[in-house]
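Undergrad: Give me coordinates for this.
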Amino acid sequence: MSRTSKRQRPTLKEKELKDVPAFVEASLDGRLEELTIVWALASSMLNELRDFGGDRDHGVEMLGLEMAIRLEADINGVAAKIVEDFKHSEEFPATGEKAVKRFKTSEELSIVGGWWDGDLKSTDRRLLNAPHVLSRFSRDPLAASRPPLPTHPPTHYFCARTHTPRSHSYNSPYLYTHQICSFTCYTYVSSALPIRFSTLQSSVATMDCDGILLGMGNPLLDISSVVDQDFLDKYDLKLNNAILAEEKHLPLYEEMASKYSVEYIAGGATQNSIRVAQWMLQVPGATSYMGCIGKDKFGEEMKKNSKLAGVNVGSVLFLVHYYEDEAAATGTCGVCVLGGERSLVANLSAANCYKSEHLKRPENWALVEKAKYYYIAGFFLTVSPESILLVAEHAAANNKVFMMNLSAPFICEFFKDVQEKVLPYMDFVFGNETEARTFSKVHGWETENVEEIALKISQLPKASGTHKRITVITQGADPVVVADDGKVKLFPVILLPKEKLVDTNGAGDAFVGGFLSQLVQEKPIEDCVRAGCYAANVIIQRSGCSFPEKPDFH
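TA: Prediction:
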């Protein structure tokens, strides 16, 4: 069936309710896959309402309650019905089956139908107070005349309302379908359908999000422990700092394990950020990561921990993403915690062995081509700047988003030349206030004002004019600084009582991970920062860069 163009699109006055599928096909303009499930459920609800009989208002109320109960209880049955309907549809051959295959269990697709009218009945209140029911309506022409809805945020929902507008002479009910969402990630899809879809939020799970975010960095096994000031003094360590291990630091790891109670966590700055982004997204396979580990027990522990987080990991040699070095041991990072602050001492070892030849292998370069967003911590500049430039140039040539982190003062000081080679490709630059001030000093800017520094970084020359550079600087408990398009904005962080602070290790990495989880969904910068602050707030209440099973971010 050929699609009707926008100019030829008929109106409801010219069509009967039975022609809803034709209307939908004429209106979607290539969005069939994203809206299949919404259309199928909406069509089913319209048909039931048409056949319900009796008083329309009462029918709407009872049908809404029935749909809520039935969809919650038997979502697999509903999914099967959608598949069956589309198998017998000439207009949508196999489209429904293709879309529904991505939602095979009630855990993956949890939909609740809820109806709301101006007069809140007890049944309505029960629906509205359920955690899955939509908390607001959008673009509803009668919204101004109705009382406000509850403000608690939904997680998974399908909420709709029908009525016959008084201004229309025909009796076709309008279906206001406001949002449908699965998981915690979604993108806005604007639509103007004859059955009055107003604003639709479709889950990224209905889109091609496989491998959308790729990270590259130094995978390190964190050896974390609370230490004392004497220990820091012995190894000449400073809090809120990160250094590469020298000869004098090598006994540190064994001493930590023998003297203190230690915890082992798969870490490394980029890996932490990617793990947090994956946790926030809750979509398996949305993120990928490359780096080099040793072929030893610590390397196996690293792979196990990363797979638990849902990140695509493994060995380059086995057509996945870690490269396993036969000679070098897996890199480690001593995380020395005192008073909630941390000092990092990284012994890169195998992490220092990653080379661009591994990246160029077809099975690995395919990950680069698949991704649309790239994030690399500045620490990787010490290992494989060639790999960074390959990815950066690919991003610039293909209108993709390339991001890096200043990572540590020593990167800005001692790796300035290679950092400057990559800087023109950076669409986003992350860092903290200490790193930003070091960057300013190295470049002779003669200012320690973080807002000024962020703005200056954002205005440095770019290799491509496609994306304007955005600088994001965190300042601990002080507001996050964002420089974008010649303007600076400050965003408050989530304040945490001191007694709830466990340690700050991984807080900056977690912020970036949370930020990226929303950026890949094309959310506004405000939402990205809010997600970053949420993720950092979760991490600092736990030991190391660890997190609960699922996020609670809305």
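
Undergrad: my read: Gly334 touches Glu255, true?
TA: No - when contacts are counted by CB atoms under 8 Å, Gly334 is not listed as touching Glu255 (9.4 Å). In this view, the C-beta of every residue, glycine as well, is placed from N, C-alpha and C.

Undergrad: Settle it for me: which of the two has more neighbours?
TA: Neighbours per residue (other CB atoms under 10 Å) separate Gly334 from Glu255, with Gly334 holding more: 27 against 14.

Undergrad: For Phe410, which non-adjacent residue is spatially closest?
TA: Leaving out its chain neighbours, the residue that sits closest to Phe410 by CB to CB, 6 or more residues apart in numbering is Ile243, at 6.5 Å.

Undergrad: Kindly tell me how buried that neighbour is, as a neighbour count.
TA: Residues near Ile243, counting by other CB under 10 Å: 18.

Undergrad: again, but for Glu363
TA: Close neighbours of Glu363, defined as other CB under 10 Å, add up to 12.

Undergrad: That one: which element?
TA: helix 362-370 (DSSP states H and E).

Undergrad: returning to that earlier point: mind checking which helix or strand the residue nearest to Phe410 is in?
TA: strand 241-244.

Undergrad: Over to Tyr375?
TA: Using DSSP H and E, Tyr375 falls within strand 373-377.

Undergrad: Can you dump the C-alpha atoms of that strand in CSV for me?
TA: The C-alpha trace of strand 373-377 is given here as CSV (Å, rounded to 0.1, in the frame of the first residue of the first chain):
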residue,chain,number,x,y,z
TYR,A,373,29.2,8.7,20.6
TYR,A,374,32.8,8.2,21.8
TYR,A,375,34.2,8.9,25.2
ILE,A,376,37.9,8.6,26.1
ALA,A,377,39.5,9.7,29.4
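
Undergrad: Residue ranges in the stretch 301-450 of the chain under the pLDDT threshold?
TA: For the stretch 301-450 of the chain, the stretches with pLDDT under 70 are 305-320.

Undergrad: Now do the strands in it.
TA: Applying DSSP state E, counting those that start in this stretch to the stretch 301-450 of the chain gives strands spanning 322-325, 332-338, 341-347, 373-377, 401-405, 428-432.

Undergrad: which one of those lies closest to Met216?
TA: With distances scored as CB to CB, the stretch of those nearest to Met216 is strand 373-377 (4.9 Å).

Undergrad: Next, the angle from the closest one to strand 401-405.
TA: Strand 373-377 and strand 401-405 meet at an angle of 20 degrees, taking axes from the mean of the first three to the mean of the last three CA atoms, to 10 degrees as the criterion.

Undergrad: Identify the residues contacting strand 373-377?
TA: Contact with strand 373-377 is made by 212-218, 268-270, 273-274, 368, 388, 391-392, 395, 400-405, 407, 512, 516, 519-520, as judged by CB atoms under 8 Å, 6 or more residues apart in numbering.

Undergrad: cool, and stretch 472-489?
TA: If you take CB under 8 Å, 6+ apart as the criterion, stretch 472-489 is touched by 428-433, 436, 450-451, 453-455, 457-459, 468, 470-471, 490-493, 495, 504, 508, 511, 515, 525, 529, 532-533, 536.

Undergrad: taking the mean pLDDT, what do you get for stretch 482-496?
TA: Averaged across stretch 482-496, the pLDDT comes to 95.

Undergrad: Can we start the residue count at 383 from this point?
TA: Will do, 383 is the new start, and the previous item becomes stretch 864-878.

Undergrad: buried ones in that stretch?
TA: Neighbour counts over stretch 864-878 (16 or more other CB atoms under 10 Å) mark Val864, Ala865, Asp866, Val870, Phe873, Val875 as buried.

Undergrad: swap in stretch 877-888?
TA: Val884, Asp885, Thr886, Asn887, Gly888.

Undergrad: close enough to count as contact, the first one and Gly722?
TA: I take that to be Val884. Yes - the pair Val884 / Gly722 is scored as a contact, 7.2 Å apart, by CB under 8 Å.

Undergrad: returning to that earlier point: next, format the strands of the stretch 683-832 of the chain as a markdown table and append distance to Arg924.
TA: Below are the strands of the stretch 683-832 of the chain laid out as a markdown table (distance: least, CB to CB, whole Å):
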| stretch | distance to Arg924 |
| --- | --- |
| strand 704-707 | 25 |
| strand 714-720 | 12 |
| strand 723-729 | 13 |
| strand 755-759 | 21 |
| strand 783-787 | 21 |
| strand 810-814 | 20 |
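
Undergrad: Quick one: neighbours of Ser738, just the number.
TA: So Ser738, with other CB under 10 Å, has 14 neighbours.

Undergrad: can you pull the contacts of it?
TA: Remark: with contacts taken as CB under 8 Å, 6+ apart, Ser738 is in contact with Ser766, Glu768, Ser769, Leu772.

Undergrad: Which segments of the protein make up each domain?
TA: By the assignment in automatic domain parsing, the chain contains the domains 394-588, 595-921.

Undergrad: Identify, from the contacts of Ser738, the entry nearest to Ser822.
TA: Ser766 (26.8 Å).

Undergrad: Apart from its chain neighbours, what residue comes closest to that closest one?
TA: Ser766 sits nearest to Tyr736 (CB to CB, 6+ apart), 5.0 Å away.

Undergrad: same check, this time on Ile839
TA: Sequence neighbours aside, Thr853 is the residue nearest to Ile839 in space, at 4.5 Å (criterion: CB to CB, 6+ apart).

Undergrad: Identify the residues contacting that neighbour.
TA: Phe810, Val811, Gly813, Ala836, Leu837, Ile839, Ser840, Val863, Val864, Ala865, Asp866.

Undergrad: For the fifth one, grab the count of nearby residues.
TA: Applying other CB under 10 Å, we find 17 other residues in the vicinity of Leu837.

Undergrad: Mind checking what secondary structure it has?
TA: helix (DSSP: H, G, I helix; E, B strand; the rest coil).
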